[in-house]
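**Student:** model this:
(one chain, ligands or ions: 1)
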Amino acid sequence: MDTAPGELDVGRAVQAAREALKQPSWRSLSGTERGHLMNRLADLVDEHGETLAAIETLDNGKPLSISRSYDVPHFSEVLRYYAGWADKNQGSVIDIGPKKMAYTVKHPVGVCGQIIPWNYPLDTAAWKLGPALSCGNTIVLKLAEQTPLSMLYVAQLIREAGFPPGVVNIISGRGGEAGAALARHQEVDKISFTGSTVTGKEVMRMAAGTLKAVTLETGGKSPLIVFDDANLEQAVRWAHEGVMANQGQMCTATSRLLVQDGIYDSFVERFKAFTEETSILGDPFDGRTYQGPQISKAHAERIMSYISSARNDGAEVFHPRGDLPSRGFFVPPTILTNVKTNTTAFQEEIFGPVAAIARFKGEEEAVEVSNASRYGLAGAVFTKDLGRAHRVARNLEAGMVWVNSSNDSDTRVPFGGVKESGYGRELGEDGLKGYYSVKAVLVNLTDE
Ligand code: NAD
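**Tutor:** Numbers count the residues shown, from 1 in each chain. Okay, the predicted model is just below:
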C-alpha cells in the first residue's frame, strides 16, 4: 500500500493518543490532578520564557518584545485558566419526578486532532491544549510547517511536567500530508482547526468521513466603524493596533475601516501621521522595532499584489517615508483610502499591514456595509453614544465586537466567529464545550 509522507508518523501519534486514553495513568486521574499537571507545565513555560520568546521570534519574525510580553506569558496564563476548570467541569442532576432520577456526566471526546497556523504558534496551541487537557482528552497537535520550533521545545516541557506518555503528541509536517492524514484518520474523534477558510472547508470535508466533531477558527475581514462623535485620538490608536500589530497577520485584524463623513479627512490625516510615527521596521530582536518581516517571501509578495490590485481599483495608497530594510520579507505599513466597498481590498483577507478605509453617512449604512461580507469574525465600533454602541454591537454579524477598542482579548472571554469565519469557541468557559460529550443516565427508582 502507498503511504504518503507524514501519514505513518500521524498514524503512530494517533495510536499513542488512543492508547494513552485507556491507561489509568491518565484516565483515572481526577480533575484536580490533571489541573496540577497543567499548572506544572505553565510554571515550566515561565521558567523557560526567555528561550521560548527567542525561538518564537526567530521562527516567526515577530518582535522579541512582543514574544516576551505577550506570546509566552499568554501561553502559561491559558494553561492555568483551564487547569482551574479541570475540577469544576461537572455534570448535573435533572429532577424528573419521584420515580426516576437522571443525571449527566461529562466525558472527554477522546483523541483530539488539533491543527494550528503560524501567526501565533504558542498561543494557538495553548488555546487548544488547555481545554482539551482540562477535560481529560488525549491530543495529536499538528504544527504549522513555517513555525514548528517553539512548540517542539514545549514538547520537552510537557514530558518534564509529568504528563503520561501519549497524552500529548506533537507533530510537524506539511498541511496537505500530515494535516490531511490527521483530519481523515479513523481513530481521531475530534478536529480543532485554526487557519484559512479554504483549508477549514477541506478539513471539514475530510473529517466528515468518520463524522468527527469539528471546530473551526478561520479567516476574517473585520470592520472597524468610527462615528463622528468618537474620541478621535483613541480611535486612531486602536485602529492602528487593530491592523498593523503582528505584521498585520491576525485573523481578527480590523482591516476594513468605515469612517463617518464628518471626520473622514481628519481621521485619515491622523491615522497616516500615527502610522508614520510608529513605522519602525527592522530586526525583530531590536527593542525599538514595531514591525518585523512577514512570515515568508511568498506571503510578502501576495500582500504586495493586493496593494497593486487596490491601486488598479482606484484606491489611493499611502506608505510611511523611508526605505524598507534591505534584508527580510518586509511589507510597508499601507493605508488605502477612498476604497470602494465592493473591491477586493475591502472584501478579501489580506493578512498583512494593510488598512482599507471607506466612508459612510449613517449608522444603517455602516452596519449594512459591515455585514456585506462572507466573514464574521469580529467588529469594532467607536462612538461616545452608549445606545448606538450597543445597537451596533447587536447588529453586527460577528463572533466578537469591541466598543472603543480593537483586538482586545482575554483568556476568560470566548473567541471565535460566525459565517465563514468558523464555528465553535475557544477561550473562556465556552472553550470547554468542544472537548467533552454529555452522557445522560436515567435511573428507575421503582420496581416497575
Ligand atoms: P492554512 O490554512 O494554510 O494552514 C493552517 C494549518 O493547516 C497549518 O498547520 C497547515 O499545515 C494546515 N493545513 C494546510 N492544508 C491542510 C490540509 N489540506 N489538511 C489539513 N491541514 C492543512 O492557513 P495559514 O495561511 O497558515 O494561516 C493563515 C490563516 O489562518 C488566515 O486565513 C487567518 O485568518 C487564519 N487564522 C485564523 C485564526 C482564528 O482564530 N480565526 C487564528 C489564526 C489564523
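
**Student:** where do the strands sit along the stretch 301-448 of the chain?
**Tutor:** In the stretch 301-448 of the chain, the strands defined using DSSP state E, counting those that start in this stretch lie at 316-318, 334-337, 354-360, 375-376, 378-382, 400-403, 418-419, 422-423, 436-444.

**Student:** Please identify the most buried of those strands.
**Tutor:** Ranked by mean neighbour count, these are led by strand 378-382 with a mean of 30 (mean count of other C-beta atoms under 10 Å). C-beta coordinates here come from the backbone N, C-alpha and C atoms, glycine included.

**Student:** still on that earlier bit, can you say which of the strands of the stretch 301-448 of the chain is nearest to residue 393?
**Tutor:** strand 400-403 (4.3 Å; C-beta to C-beta).

**Student:** Just the angle for the helix or strand harbouring residue 129 relative to strand 436-444, thanks.
**Tutor:** Using DSSP states H and E, residue 129 falls within helix 121-134. In terms of direction (axes from the mean of the first three to the mean of the last three C-alpha atoms, to 10 degrees), helix 121-134 departs from strand 436-444 by 10 degrees.

**Student:** which strands and helices sit next to helix 121-134?
**Tutor:** Where contact means 3 or more C-beta pairs under 8 Å, 6 or more residues apart in numbering; DSSP states H and E, helix 121-134 is packed against helix 31-47, helix 49-60, helix 72-85, strand 111-115, strand 138-142, helix 149-161, strand 190-194.

**Student:** Whether the fourth one contacts the ligand - can you check?
**Tutor:** Yes: for a cut-off given as C-beta under 6 Å from any ligand atom, strand 111-115 has contacts with the ligand, namely residue 115.

**Student:** for that strand, what is the average pLDDT?
**Tutor:** The average pLDDT for strand 111-115 rounds to 98.

**Student:** just how off-centre is it within its chain?
**Tutor:** Its chain's average C-alpha position is 15 Å from that of strand 111-115, according to C-alpha atoms, centre = their mean, to the nearest Å.

**Student:** and that strand, what does it pack onto?
**Tutor:** helix 7-22, helix 121-134, strand 138-142, helix 180-184, strand 190-194.

**Student:** Show me which residues of the longest one are buried.
**Tutor:** Within helix 7-22, the residues scored as buried using 16 or more other C-beta atoms under 10 Å are 7, 9, 10, 13, 14, 15, 16, 17, 18, 20, 21.

**Student:** distance between that helix and the chain's centre?
**Tutor:** Centre to centre, stretch against its chain (C-alpha atoms, centre = their mean), the figure for helix 7-22 is 26 Å.

**Student:** got the contact list for it?
**Tutor:** Residues from elsewhere that reach helix 7-22, judged by C-beta atoms under 8 Å, 6 or more residues apart in numbering: 26-27, 108, 110-111, 113, 137-140, 142, 164-167, 169, 171, 173, 177-178, 181-182, 185, 187-188.

**Student:** and it, average pLDDT?
**Tutor:** The pLDDT scores in helix 7-22 average 94.

**Student:** next one: the second one
**Tutor:** The average pLDDT within helix 121-134 is 98.

**Student:** same check, this time on the fourth one
**Tutor:** Within the predicted structure, the mean pLDDT of helix 180-184 is 97.

**Student:** Write out the residues of the stretch 301-448 of the chain neighbouring the ligand.
**Tutor:** So the stretch 301-448 of the chain meets the ligand at 349, 351, 377, 417, 422 (C-beta under 6 Å from any ligand atom).

**Student:** Taking the centroid of the chain, which residue is nearest it?
**Tutor:** residue 124 (5.7 Å; C-alpha atoms, centre = their mean).
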